[in-house]
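# 3D model of this:
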Amino acid sequence: MKQSIALLMSVQFFVYLGFGIIIPVLPVVILEQNYSEVHVGALLSVYALASFFTAPLWGKYSDQTGRKKLILIGLFGFSISFWIFAFSFDSLFLLYLSRIVGGLFSGALYSAVTGYASDISTEETRNKYLGLLGMSIGLGFIFGPAIGGILGDVSLQLPFIVSAVLTLVLMGYAQFILKEPVRTGEANKRQLLPKGASTLWSYRIKYLFLFSFMVTLLLAGLEATFQLFHIERIQITPLQLGYLFLFSGLVDAVVQGGIVRRIKNGTETTWIIWSQVIAATGLALTFFTNSLFMAGLTLCIFTAGNALARTTLVALTTKESGGNYGTAAGVSYSMDNLGRIIGPLTFAMIFTQLPNTLYVVSAALSLASILLIVFYRKNQATLRDPLVQQNS
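Prediction:
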């Protein structure tokens, strides 16, 4: 059992490491090949698009054919996407194909892994196992850009070759370690519109969903354009960017693990408002970047605000869902994904038109999103039990 969970954690780690590993390398590839900068955002967006809209189909397939089989298929396909990308820098078509393939099979892996974890867990261990998988996802996001930057400093192809090889090794290991579990439920299908979602949109929780979209939009947009902006400003390298994202990832972890749990019930919206002010400050200060230290400082300020907003929002959404935890989580997930689909392409397009004022516009959007929390506070249509409702 412990071997199975460790392997599932490794799979999740590699999937999200695969998403992050491209961040320090992609802008350099695009600029070296004289492609338009807008393709940096588009290639990130198409990955999220492919993953999100195919995951429901993979979930259904997993229920029909088995978790282990889909995990093996997913790892093989994910490895192929890395191989294609590594040797296709001179073909924009193949770059897009590799990202679509990667997103397609990352959706397969997510559905199969969460379904497998649910099948082998009990009511007592399910939250623990899913929490471990969530931790693996977070670590993948943190170390992905760092590994991409370090390996990319040696060769732009190296991060993808190493990832492809390790994914194949993981597939071989899974073949021998994993056993098909006894089916106890359905895989997580990550529906675009979860059942019962329309009911929730009639209440003030809808403002939290929209806010979730904005928070992810800003994060995904920054990931897509941060290096492009700083290549022009300070000639930042993939290695330097990798270290900056690693450090900012640790800031994210500290905020989520240390600060958020100290937030008192009923004060969530105040913390969320201040988190957006902090994030906006980091974005606005980026306009004045003239050194690597300043770039890292602004990134960490933004990350601290964004992490505080994301984690506090999860807690508040859960309380506001009126017991509809699964549906609310599904809608929040959908809004997050729409932000990750729309954000990179939108910010890259803005960058091509307004490169020097991109982060001033971003800061303004961060502050404008506070209005959603104001509307939430003023709206009395809540799903909470009136006897336990807090003035949040």
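
# put the alpha carbons of stretch 345-353 into CSV.
Extracted C-alpha coordinates of stretch 345-353, given in CSV (Å, rounded to 0.1, in the frame of the first residue of the first chain):
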residue,chain,number,x,y,z
LEU,A,345,-2.5,33.9,-23.9
THR,A,346,-4.2,37.1,-22.8
PHE,A,347,-1.1,38.4,-20.9
ALA,A,348,1.2,37.4,-23.8
MET,A,349,-1.0,39.4,-26.2
ILE,A,350,-0.9,42.4,-23.9
PHE,A,351,2.9,42.1,-23.7
THR,A,352,3.2,42.3,-27.4
GLN,A,353,1.3,45.5,-27.4
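
# now it, how far from the centre of its chain.
Chain-centre distance of stretch 345-353: 20 Å, with Cα atoms, centre = their mean, to the nearest Å.

# what does stretch 172-184 give?
For stretch 172-184, the distance to the chain centre is 27 Å (Cα atoms, centre = their mean).

# and if you look at stretch 11-19?
That offset, for stretch 11-19, works out to 11 Å (Cα atoms, centre = their mean).

# hmm, who's touching that stretch?
Contact partners of stretch 11-19, identified using Cβ atoms under 8 Å, 6 or more residues apart in numbering, comprise 47, 71, 74-75, 78, 81-82, 102, 106, 109-110, 113, 133, 136-141, 143-144, 147, 163, 166-167, 170, 174. All C-beta atoms are positioned from the backbone trio N, CA, C, and that covers glycine.

# can you give me the neighbour number for Tyr61?
18 (other Cβ atoms under 10 Å).

# in terms of secondary structure, what does the helix or strand hosting it contact?
Taking DSSP states H and E as the criterion, Tyr61 maps to helix 38-65. Applying 3 or more Cβ pairs under 8 Å, 6 or more residues apart in numbering; DSSP states H and E, we find helix 38-65 packed against helix 26-32, helix 67-86, helix 92-120, helix 205-234, helix 325-353.

# out of those helices, which gets nearest to Thr286?
helix 205-234 (7.1 Å; Cβ to Cβ).

# lowest-pLDDT helix or strand in this protein?
helix 197-200 (a mean of 75; mean pLDDT, DSSP states H and E).

# now for that one, which elements pack on it?
helix 325-353.

# just the angle for the helix it packs on relative to helix 205-234, thanks.
Taking axes from the mean of the first three to the mean of the last three Cα atoms, to 10 degrees, one finds helix 325-353 and helix 205-234 inclined to each other by 30 degrees.

# which helices and strands does helix 325-353 pack with?
helix 38-65, helix 197-200, helix 205-234, helix 292-320, helix 358-368.

# just want the angle from it to helix 358-368.
Going by the same axes, to 10 degrees, helix 325-353 makes 150 degrees with helix 358-368.

# doesn't Gly148 make contact with Pro159?
Yes - counting by Cβ atoms under 8 Å, Pro159 does reach Gly148; the two are 4.6 Å apart.

# what is in contact with the two at once?
Ile21, Ile22, Val25.

# now render those as a markdown table, adding pLDDT and neighbour count.
Formatted as a markdown table, these follow (pLDDT from 0 to 100; neighbours: other Cβ atoms under 10 Å):
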| residue | pLDDT | neighbour count |
| --- | --- | --- |
| Ile21 | 89 | 27 |
| Ile22 | 89 | 27 |
| Val25 | 92 | 27 |
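
# and of those, the nearest to Pro181?
Closest to Pro181, out of all of the shared contacts of Pro159 and Gly148 and judged by Cβ to Cβ, is Ile21, at 29.7 Å.

# in contact with that closest one: list those residues for me.
Counting by Cβ under 8 Å, 6+ apart, Ile21 has contacts Gly144, Pro145, Ile147, Gly148, Pro159, Phe160, Ser163.

# which of the helices and strands packed on helix 325-353 sits closest to Leu338?
That would be helix 205-234 among the helices and strands packed on helix 325-353, by Cβ to Cβ, at 5.8 Å.

# right, and the helix or strand after that closest one?
helix 238-254.

# buried residues, the following helix or strand past that next one. List them.
Following helix 238-254 in sequence order, the next helix or strand is helix 268-286 (DSSP H and E). Within helix 268-286, the residues that qualify as buried are 268-269, 271-273, 275-276, 278-286, counting by 16 or more other Cβ atoms under 10 Å.

# also stretch 241-260?
For stretch 241-260, by 16+ other Cβ under 10 Å, it's 241-249, 251-253, 255-256, 260.

# cool, and stretch 315-325?
Here stretch 315-325 shows Leu316, Thr317, Lys319, Glu320, Ser321, Gly322, Asn324 as buried, counting by 16+ other Cβ under 10 Å.

# where does the fifth one fall, phi/psi-wise?
The phi/psi pair for Ser321 (degrees, to the nearest 10) reads phi -80, psi -10.

# my guess is it contacts Val331. True?
No - applying Cβ under 8 Å as the test, Ser321 and Val331 come out as separate, 9.2 Å apart.

# hey, what's in contact with both of the two?
Shared contacts of Ser321 and Val331, counting by Cβ under 8 Å, 6+ apart, come down to Leu200.

# rebuild the helices and strands packed on helix 325-353 as JSON lines, extending it with distance to Leu345.
Shown next, in JSON lines, are these (distance: least, Cβ to Cβ, whole Å):
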{"stretch": "helix 38-65", "distance to Leu345": "4"}
{"stretch": "helix 197-200", "distance to Leu345": "25"}
{"stretch": "helix 205-234", "distance to Leu345": "8"}
{"stretch": "helix 292-320", "distance to Leu345": "19"}
{"stretch": "helix 358-368", "distance to Leu345": "14"}
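
# mind checking which of those is nearest Ile341?
helix 38-65 (4.7 Å).

# how far is that closest one from where the chain is centred?
Counting by Cα atoms, centre = their mean, helix 38-65 comes out at 13 Å from the chain centroid.

# okay, angle between that helix and helix 92-120 too, please.
40 degrees.

# coming back round to it: check the helices and strands packed on helix 325-353 for me: which has the lowest mean pLDDT.
Lowest mean pLDDT within these: helix 197-200, at a mean of 75.
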